[in-house]
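Engineer: Predicted structure and sequence below. I'll ask about it afterward.
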2 protein chains.
Amino acid sequence: MTASAQQNGYTVAILGATGLVGSHLIQILEERQFPVKKLKPLASKRTAGSLINFMGQDITVEEATPDAFEGVDIVLASAGGSVSQELVPEAVKRGCVVIDNTSCFRLTEGVPLVVAGVNDADIQHHKGIIANPNCSTAQLMPVFKALDDAFGLERVIVSTYQSVSGAGKEGMDELMETTGTVYRLMGGPETGHRDEAKAPENRVFARPIAFNLVAQIDQFVEGGVEDGYTKEETKVIHESRKILHRPDLKVTATAIRVPVLIGHSESATLEFKKPVSPQEAMDILEKTPDVVVARNPKDFPTPVEATGKDPVYVGRIRRDTSNPEHGLNMWIVADNLRIGAALNAVRLAEVLVKNNWLKQGSARQEPAQV
Amino acid sequence: MTASAQQNGYTVAILGATGLVGSHLIQILEERQFPVKKLKPLASKRTAGSLINFMGQDITVEEATPDAFEGVDIVLASAGGSVSQELVPEAVKRGCVVIDNTSCFRLTEGVPLVVAGVNDADIQHHKGIIANPNCSTAQLMPVFKALDDAFGLERVIVSTYQSVSGAGKEGMDELMETTGTVYRLMGGPETGHRDEAKAPENRVFARPIAFNLVAQIDQFVEGGVEDGYTKEETKVIHESRKILHRPDLKVTATAIRVPVLIGHSESATLEFKKPVSPQEAMDILEKTPDVVVARNPKDFPTPVEATGKDPVYVGRIRRDTSNPEHGLNMWIVADNLRIGAALNAVRLAEVLVKNNWLKQGSARQEPAQV
């Protein structure tokens, strides 16, 4: 990173610029006035050539090739695991720092896995790649970190209610199309197309998602203690342990896709070393940045209300009746496209820039100051 | 109960005959060829006079008054708690046995709370009222009972995904209407009514349910260890303990309304006294009546597929990674209008008739044979 780059801003490439998270990345760079000298939207050959708008200017999307990363300071990568597998090392080779939104490098030794505001200091040890956690993990972390610090987290049991936008534009389109089909099949009011309606088909999800639930997100794991888990569920287990620096933490998760467009919600049961009351937990969480607490149970958050917002919303905090002295239940909701993906990526870039941690390995020569 | 009643069948009253569960009660009496001599559909003054069809005959709905129960053998009551509070004692006074689908008498001392096939023997001690459990509790019981018998159930953590039909026809109508509104607002394909669309309103649910989640079912409890729980959640806790005869069982629940029409789904984490493997649990559940097990994780059940079916479907049975030796996670799905309400009520009536337990208090003079 040169002095002029710092003065005038950075060249930022968006890998997967035409996707759902890509468009949110561009929007959030604008919103937060990230110092962008030049924006370089990259995508597959198929969508290269299309235009995206950034700060009032139309910019042509370029094809994502290894050489496209020449001269780029920061890459925000959100084009899927196989694309990151191929292109992220090429970007690193060319001196970029990559904030990767895929699962590709999250558990790789030496790659920091970071939620902004939770474990920022881990970033300074980066070797060119910083991983953005899975959306269902990310929104839990500010809450779990604050409560772990205060009461000593021992065990986590999570059931998720994940929106279709976690599967990208295609997921949202499939929910809308199949909902329309079912609606017409059922003779919904003000529609007269019953004859045209066919039973909805599922392409993106393992089962039809309209007015339904799908108990599979990502592929199933076979063998070992995690036999029968989905990869989405094991991500919550392993990523939580890495982010919280708690390799011993007991975690289990059940990940369910629900017919919601945007916003992931999670029912969490937590066990603590110290005794804890809902009031004490709410007092701690009220002081936690990025967390909004609903003290009155009636003010529970919903995914529709969380959509487009930056905080993690926590409500329904109450004793776990199966473990009333040391346990709490809560309902944690956030916009999965923001905190779970695009917002966190941009905030990690801000941490990089603010701390002068952009140069690969620059921090390794310095004593870590956590 | 007279000898002639036994020979020719029974006079059966449906209290709440014009409601969603009421119509399912009538349909299931037909399906299972319950020996009905005379069907007496009862409802509020507002819907009295309308016709319902039973076994090919139109029958006029009568107003539910105390005297309407004269000469009735069995009452299947599903008209809401306040109606049961008023009219069930009147029916009992007139010699009826009432199978009550409301929460009114479920935890009353001396009132059996029964899931057919789970604790049928409890019925013989009835004093005129038999309670049908809450829908979210009912479908868990065949599974929990079999696993408790085999491995000793110690603790239950449940997160529910409950369909809108749990709130009756009005709940289903609200989901369909508000979904249509959102769909048009978003410019859903093949609809041209964007101008007419207004933001959806919620009347039945605490928040708009279209493409959303509502973390409140029933009212909130204030004070004590259950402070901040909903009544729906405390029903799961207390009804499970009563049905399983396990007053010591550790239970907690989070109840969430999801935009699904019919079918309740539940993510359950169970702890056992004995060590248990998923294979052992699946072997037990495969032999359990009324339970269908998906051994392959890919065959997980969904509420749409469970709709209109009688069994409880269990899938995603796997180790609890936070308690791998003694814990299991599973996904339990059933048609809430059938097993959770109408089917269970009719099956309880079958148990009454088959065991000659219909006469109030008749069993109390005899030694209990469990």
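Structural biologist: That came through, no problem. Residues are numbered from 1 along each chain as shown, chains lettered A, B, ... in the order given.
Engineer: any idea of the mean pLDDT for the longest helix along chain A?
Structural biologist: Across chain A, the longest stretch assigned as helix under DSSP state H is helix A:168-185. Helix A:168-185 shows a mean pLDDT of 89 in the predicted model.
Engineer: ok, it near chain B or not?
Structural biologist: Yes: against chain B, helix A:168-185 shows contacts by Cβ under 8 Å from any Cβ of the partner chain at A:175-177, A:179-180, A:183-184. Any C-beta I mention is one placed from the backbone N, CA and C, and that applies to glycine too.
Engineer: and the next element down the chain from that helix?
Structural biologist: helix A:231-243 (DSSP states H and E).
Engineer: residues in contact with the residue nearest to A:Pro35 when sequence neighbours are not counted?
Structural biologist: Leaving aside its chain neighbours, A:Pro35 sits nearest to A:Gly9 (3.6 Å; criterion: Cβ to Cβ, 6 or more residues apart in numbering or on different chains). Contacts for A:Gly9 (Cβ atoms under 8 Å, 6 or more residues apart in numbering or on different chains) come out as A:34-38.
Engineer: redo that, cut-off 7 Å
Structural biologist: Going by Cβ atoms under 7 Å, 6 or more residues apart in numbering or on different chains, A:Gly9 touches A:35-37.
Engineer: now the longest helix of chain A and helix B:168-185, what's the angle there?
Structural biologist: 130 degrees (axes from the mean of the first three to the mean of the last three Cα atoms, to 10 degrees).
Engineer: got the buried residues for helix A:168-185?
Structural biologist: Buried residues in helix A:168-185, counting neighbours by 16 or more other Cβ atoms under 10 Å in any protein chain shown, are found at A:168-169, A:171-172, A:174-185.
Engineer: Lowest-scoring secondary structure element of chain A by mean pLDDT?
Structural biologist: helix A:3-8 (a mean of 54; mean pLDDT, DSSP states H and E).
Engineer: from memory A:Asp148 sits against A:Leu244, does it?
Structural biologist: Yes: between A:Asp148 and A:Leu244 there is a contact under Cβ atoms under 7 Å: 6.0 Å.
Engineer: what sits in contact with each of these two?
Structural biologist: In contact with both A:Asp148 and A:Leu244: no residue, using Cβ under 7 Å, 6+ apart.
Engineer: check contacts around the residue lying closest to A:Gly168 once chain neighbours are set aside.
Structural biologist: Excluding the flanking residues, the one nearest A:Gly168 by Cβ to Cβ, 6+ apart is A:Leu20, at 4.9 Å. Neighbouring residues of A:Leu20 by Cβ under 7 Å, 6+ apart: A:165, A:168-169, A:337.
Engineer: Local confidence estimate at A:Leu20?
Structural biologist: Per-residue pLDDT puts A:Leu20 at 94.
Engineer: And A:Ala150, by the same measure?
Structural biologist: 98.
Engineer: before we move on, the earlier item: and the residues of helix A:168-185 next to chain B, which is closest to chain B?
Structural biologist: A:Gly180 (5.2 Å; Cβ to the nearest Cβ).
Engineer: hang on, isn't the closest one packed against B:Arg184?
Structural biologist: No: A:Gly180 is beyond contact range of B:Arg184, at 10.0 Å (criterion: Cβ under 7 Å).
Engineer: Spell out, range by range, the helices that occur in the stretch 201-350 of chain A.
Structural biologist: Secondary structure of the stretch 201-350 of chain A by DSSP state H, counting those that start in this stretch: the helices cover A:231-243, A:278-286, A:303-306, A:343-354.
Engineer: Is chain B within reach of the first one?
Structural biologist: This means helix A:231-243. Yes: using Cβ under 7 Å from any Cβ of the partner chain, helix A:231-243 reaches chain B at A:Ile237.
Engineer: tell me which residues of that helix are tucked away?
Structural biologist: Buried residues in helix A:231-243, counted by 16+ other Cβ under 10 Å: A:232-243.
Engineer: still on that earlier bit, how about TSV for the residues of helix A:168-185 next to chain B, with distance to A:Gly110 added?
Structural biologist: Shown next, in TSV, are those (distance: Cβ to Cβ, whole Å):
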residue	distance to A:Gly110
A:Leu175	38
A:Met176	41
A:Glu177	43
A:Thr179	44
A:Gly180	47
A:Tyr183	50
A:Arg184	53
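Engineer: pLDDT score assigned to A:Val88?
Structural biologist: Reported pLDDT for A:Val88: 98.
Engineer: ok, now the one 10 residues further on?
Structural biologist: If you check A:Val98, the pLDDT there is 98.
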